[in-house]
Structures are given as structure tokens and as C-alpha cells.
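>>> The amino acid sequence is not available; the structure is as follows:
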């Protein structure tokens with residue numbers, strides 16, 4: 001999922017360089033959402049992985 005966020009960030013940067021600001025802002029929005037989802041899932045996996053079952 002982090003790779004998709006990076007892909008959309010690169011698309012946004014390229015679109016911004018070429019002047020497609022509407023596409024760039026949409027890609028940045030998607031990249032932000034995917035990055036937040038990735039962070040939430042990462043924290044959940046850390047918490048669940050640290051729990052010990054006795």
C-alpha cells in the first residue's frame with residue numbers, strides 16, 4: 001500500500017511539473033489517503049505483533 005502512495009506522489013509531481021494542476025491535486029489527495037491508511041495498518045500490526053499469548 002505504501003508503494004501505491006509513492007506511485008501517486010510521483011504522478012502528482014510529474015503532473016505538477018507539466019502544469020496539470022487538477023490532476024496533480026487529485027493524485028496528491030489519493031497519495032495522502034493511501035499513506036494515512038498505510039500508517040494506521042502499520043500501527044495496528046505493531047500493536048497486534050507485540051501482544052503475547054500465554
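Done, it's in. These numbers were taken from a predicted model, which means no experiment stands behind them. Numbers count the residues shown, from 1 in each chain.

>>> Just list the residues touching residue 9, thanks.
For residue 9, the contact set (C-beta atoms under 8 Å, 6 or more residues apart in numbering) comprises 27-28, 31. Heads up, the C-betas are built off the backbone N, CA and C, glycines and all.

>>> quick one: it from residue 47, how far?
Plainly put, residue 9 is 27 Å away from residue 47 if you go by C-beta to C-beta, to the nearest Å.

>>> rewinding a little: could I get the contacts of residue 9 as JSON lines with distance to residue 43?
Below are the contacts of residue 9 laid out as JSON lines (distance: C-beta to C-beta, whole Å):
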{"residue": "27", "distance to residue 43": "25"}
{"residue": "28", "distance to residue 43": "23"}
{"residue": "31", "distance to residue 43": "19"}
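
>>> Pick the one among these closest to residue 39.
Using C-beta to C-beta, residue 31 is the member of the contacts of residue 9 that lies nearest residue 39, at 12.5 Å.

>>> can you count the residues close to the closest one?
Neighbour count of residue 31, defined by other C-beta atoms under 10 Å: 20.
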